Every structure is written in C-alpha cells, then in structure tokens.
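Undergrad: Compute the structure for the input listed below.
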Amino acid sequence: MPLIPYPDVPNVAGVPNVPRQIGAVLPDTGDQLSSDSTSYNPTPQWAITDSTGNAALSPDSVIEFEYRGEMKICSHPVEQGSFSSYNKVACPFDVRMVLSCNGNGPMSRDQFLSAIETMRESTDLVSIVTPDDVYDNCNLVHVDYRREARQGVSLIMVQLWFQEVRQGSSTTTSTAQPDGADPSQQGQVSPINPTTQQQSVYNDTAIV
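TA: Now for the predicted structure:
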C-alpha cells in the first residue's frame with residue numbers, strides 16, 4: 001500500500017486552507033470563512049417583530065416551534081344521499097412557540113411578561129421570523145407560562161399561540177345623505193328583459 005501524501009486534503013472551494021506541505025506556513029487571512037454561500041451569518045434567526053420591523057418581544061431563547069396549516073374541502077349533498085366536493089378553502093394557520101426568559105438577556109422578566117400581556121390584549125399584527133420562513137399577519141390569542149424548580153425557579157417558560165389574521169380590502173364613500181352613495185356590486189347579476197306586463201306596470205307607475 002503506497003503512503004498517503006501529507007495531507008490528503010483537496011485544494012478546492014469550500015475546503016479550509018490547511019498546510020499541504022510539512023513545515024509550510026499559511027498566510028494570515030483573518031477570517032477563514034469564504035465569501036460564498038457557506039459564510040457565517042451572525043444575524044439572529046428567530047424574531048417576533050411588529051409592523052415597523054422592530055422587535056415586539058425579545059426572549060432569551062426559543063425552545064419549541066410548531067406550525068399548523070389546514071385546508072377545508074367543501075361538499076354539498078346531491079341525489080340519493082351522496083355528496084360532491086366542489087372547492088378547497090384555506091383556513092388561517094396557527095403558530096405555537098415556547099420561549100424562555102431568565103431576566104439576564106435582552107428583557108427582564110417583568111418586561112418580558114408585560115410585553116406578552118400587551119400583545120395578548122392588542123389587535124396589532126406581528127411577524128414571526130424563523131430560519132425557514134416568515135409568518136406575517138399573526139396575532140397572539142393564547143398565553144400560559146410556568147416556572148419549575150428543576151429548570152431554575154428564575155427561568156420562565158412561556159407558551160404562545162398565534163393565529164393568522166386574513167386581511168381584506170374595502171372602500172367606503174362619505175356622503176351627506178345615505179342615498180347619495182354610488183351603487184356597489186355585491187355579487188353576480190344576471191339581467192333579463194322585462195315582460196310586456198311588467199313594462200306596462202312600470203310605465204303606469206312612472207306616469208303617476
């Protein structure tokens with residue numbers, strides 16, 4: 001068996017710069033990480049932000065994360081007691097998180113619990129940033145927290161449940177009188193020509 005050259009490390013992109021000859025000295029390049037996609041990114045991977053992008057809540061760490069999305073298939077009865085599916089509707093998604101705070105991080109325990117209570121009572125929407133995706137238009141709907149002696153009595157474990165809030169657009173017109181507003185379409189319209197009898201009734205009413 002032939003001797004393996006020292007060292008047997010290929011000199012290709014993504015491989016650390018190591019000595020490939022005995023006694024060789026590497027130049028000091030500072031950061032050993034390359035500038036490609038494998039570079040280290042110190043930006044926080046988890047965040048709960050408000051509409052302006054600022055942190056709405058700053059826990060010490062994220063313990064658990066759970067996402068639940070659901071779709072409903074609408075069905076209607078047809079002849080002989082059977083059913084037919086005709087549409088698929090997306091339901092608002094749910095996000096559940098378990099966060100921890102011991103008061104030595106970005107927030108004290110009082111600030112942490114106060115911020116959570118403010119979020120629970122508010123109708124403001126937040127965005128949940130994760131390493132995999134960003135979940136927008138979320139509102140806090142459930143809170144429970146506990147302290148356990150085995151984890152340190154000063155450590156708060158908080159479970160938060162968020163629910164998506166669907167955004168709809170509507171336009172209104174301010175008028176001096178209710179009958180001054182422009183008519184708006186509320187659904188499909190299928191106009192038909194009036195019969196001779198209906199037209200005669202309309203004409204008699206218009207003359208009066």
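
Undergrad: For residue 148, give me its contacts.
TA: Counting by Cβ atoms under 8 Å, 6 or more residues apart in numbering, residue 148 touches 155, 157. To be clear about C-beta, it is placed using only N, CA and C from the backbone, and glycine gets the same treatment.

Undergrad: try residue 104
TA: Counted by Cβ under 8 Å, 6+ apart, residue 104 has contacts residue 60.

Undergrad: what about it, which SS state?
TA: Assigned with DSSP: H, G, I helix; E, B strand; the rest coil, residue 104 falls in the coil class.

Undergrad: With the one 10 residues further on instead?
TA: In three-state terms, and counting by three-state DSSP, residue 114 is helix.

Undergrad: Count residues in the vicinity of it, would you?
TA: 12 (other Cβ atoms under 10 Å).

Undergrad: can you check residue 112 too?
TA: When neighbours are defined as other Cβ under 10 Å, residue 112 has 24 of them.

Undergrad: Just to check, it is in contact with residue 57?
TA: Yes. Contact criterion Cβ atoms under 8 Å: residue 112 and residue 57 qualify, at 7.4 Å.

Undergrad: what are the ranges of the strands in this structure?
TA: Taking DSSP state E to define them, one finds strands in the chain at 47-49, 55-57, 61-68, 71-77, 83-90, 94-101, 126-129, 134-146, 156-164.

Undergrad: Tabulate those strands (a markdown table), appending distance to residue 202, mean neighbour count and mean pLDDT.
TA: Listed next are those as a markdown table, based on distance: least, Cβ to Cβ, whole Å; neighbours: other Cβ atoms under 10 Å; pLDDT from 0 to 100:
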| stretch | distance to residue 202 | mean neighbour count | mean pLDDT |
| --- | --- | --- | --- |
| strand 47-49 | 60 | 20 | 92 |
| strand 55-57 | 60 | 20 | 91 |
| strand 61-68 | 56 | 12 | 93 |
| strand 71-77 | 37 | 10 | 85 |
| strand 83-90 | 38 | 9 | 84 |
| strand 94-101 | 55 | 19 | 94 |
| strand 126-129 | 56 | 20 | 93 |
| strand 134-146 | 49 | 15 | 93 |
| strand 156-164 | 49 | 19 | 94 |
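
Undergrad: Adding distance to residue 117, write those strands out as JSON lines.
TA: JSON lines is the format used below for the strands of the chain (distance: least, Cβ to Cβ, whole Å):
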{"stretch": "strand 47-49", "distance to residue 117": "14"}
{"stretch": "strand 55-57", "distance to residue 117": "11"}
{"stretch": "strand 61-68", "distance to residue 117": "20"}
{"stretch": "strand 71-77", "distance to residue 117": "33"}
{"stretch": "strand 83-90", "distance to residue 117": "30"}
{"stretch": "strand 94-101", "distance to residue 117": "13"}
{"stretch": "strand 126-129", "distance to residue 117": "14"}
{"stretch": "strand 134-146", "distance to residue 117": "8"}
{"stretch": "strand 156-164", "distance to residue 117": "11"}
